[in-house]
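Colleague: need the 3D shape of this:
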Amino acid sequence: HKPTTMLESKEPEKEVLQLPEASNDSTIPSIKLGESMKFEDMGPVIINADGSTRQIANWDKMTESEQKVAWRRISKRNEERRKVLLEQQQQQEQMNEDKHE
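Modeller: Sure, this is the predicted structure:
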């Protein structure tokens, strides 16, 4: 029995997905080859109680003082939520270990 190579595959060809056309939306940050962007410019990442994340939609519209207050509050809340989520994960792992004993 001769092995089948990729070129001889019997499976039907799959459509190659392509990226959508570039957007001219000025609210979407973009950079060119060789340029860089600080993630801080996009605002803080918010950790939700369920562990999912999001960002502040109007970050670029906030004043510098509003951004500083938001960073401080979000950093504190994120740390509290991160600790709770880690504790929950450790409890779940312990329960799973206990089941397998």
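
Colleague: quick check: phi and psi on the residue nearest to the spatial centre of the chain?
Modeller: Most central in the chain under CA atoms, centre = their mean is residue 53, positioned 6.7 Å from the mean C-alpha point. Dihedral pair for residue 53: phi -130, psi 160, per degrees, to the nearest 10.

Colleague: against residue 45, how distant is residue 86?
Modeller: 17 Å (CB to CB, to the nearest Å). (Glycine included, C-beta is placed from N, CA and C.)

Colleague: can you check residue 38 too?
Modeller: For residue 38, the distance to residue 45 - CB to CB - is 13 Å.

Colleague: more crowded one of those two?
Modeller: Neighbours were tallied for residue 38 and for residue 45 using other CB atoms under 10 Å; the higher tally belongs to residue 45 (12 against 6).

Colleague: the residue nearest to that one when sequence neighbours are not counted pairs with what?
Modeller: Take residue 45 and drop its neighbours on the chain: the residue closest to it by CB to CB, 6 or more residues apart in numbering is residue 53, 5.1 Å away. With DSSP bridges as the criterion, residue 53 is bridged to residue 47.
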